[in-house]
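Chemist: Here's a sequence, model it:
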Amino acid sequence: MSRPPLPPFDADTAARKARMAEDAWNSRDPVKVSLAYTLDSRWRNRAEFLQGRADIVAFLQRKWARELDYRLIKEAWAWAGDRIAVRFAYEWRDDSGHWFRSYGNENWQFDAEGLMAQRHASINDLPIADSERRLHWPLGRRPDDHPGLSDLGL
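Modeler: Next up is the predicted model:
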C-alpha cells in the first residue's frame, strides 16, 4: 500500500503530509488514522511506547475517550530524506468541562511507500479557560480558511 507523498520530502510534500495527518487525527477515527502507519510502526507518545497498528488503535481509542472535543493543528517544521519534524497544538476538554491546550513536537520517519514507521512525540498540557480557546471550527477537518499555528501565534 502506497501513501503519497513519498520520500524524499521537500517543503511542499512535508506540509502536505502534515496536513494529511492533521486531517486524519481530527476525524478521531482510530482505524482510519492507523492506516497511515506501517504494520509494525513504533511510537513513543509522552512516556508510552507502542508497536503496531493494534496498539495504535487501542491508544487512540483511549485518548479520544478522555480528550473530548479534540481539535488539532499540525505544522511541518523541518524535513530531510524520509523524515519530517512537526510542531502541533490541540485543544480538548475533559469530562468535567475543563479545557486544555496541548503543545508538542513529533519526529516522523517514513518507509519508501510513505507509511510512517516511527513516531516520537513530546507533549505538554496547559489548562486554559474556555475564553482562551483559539481552535474554533465544527468537529472534524479544520477548514482551509482557519488560521494555522503560526497565524495564531502558537
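Chemist: And the helices in the protein?
Modeler: Under the criterion DSSP state H, helices of the chain are mapped to 11-27, 30-34, 53-66, 149-152.
Chemist: L126: which of those helices is closest?
Modeler: helix 149-152 (14.2 Å; CB to CB). Placement of C-beta: from N, CA and C, glycine included.
Chemist: For the closest one, buried residues please.
Modeler: L149 (16 or more other CB atoms under 10 Å).
Chemist: list the helices and strands it packs on?
Modeler: Contacts defined by 3 or more CB pairs under 8 Å, 6 or more residues apart in numbering; DSSP states H and E place helix 149-152 against strand 68-80, strand 83-93.
Chemist: can you rerun that using 7 Å?
Modeler: On a contact count with 3 or more CB pairs under 7 Å, 6 or more residues apart in numbering; DSSP states H and E, helix 149-152 meets strand 68-80.
Chemist: Output the below-cut-off pLDDT ranges for the protein.
Modeler: For the chain, no stretch is flagged by pLDDT under 70.
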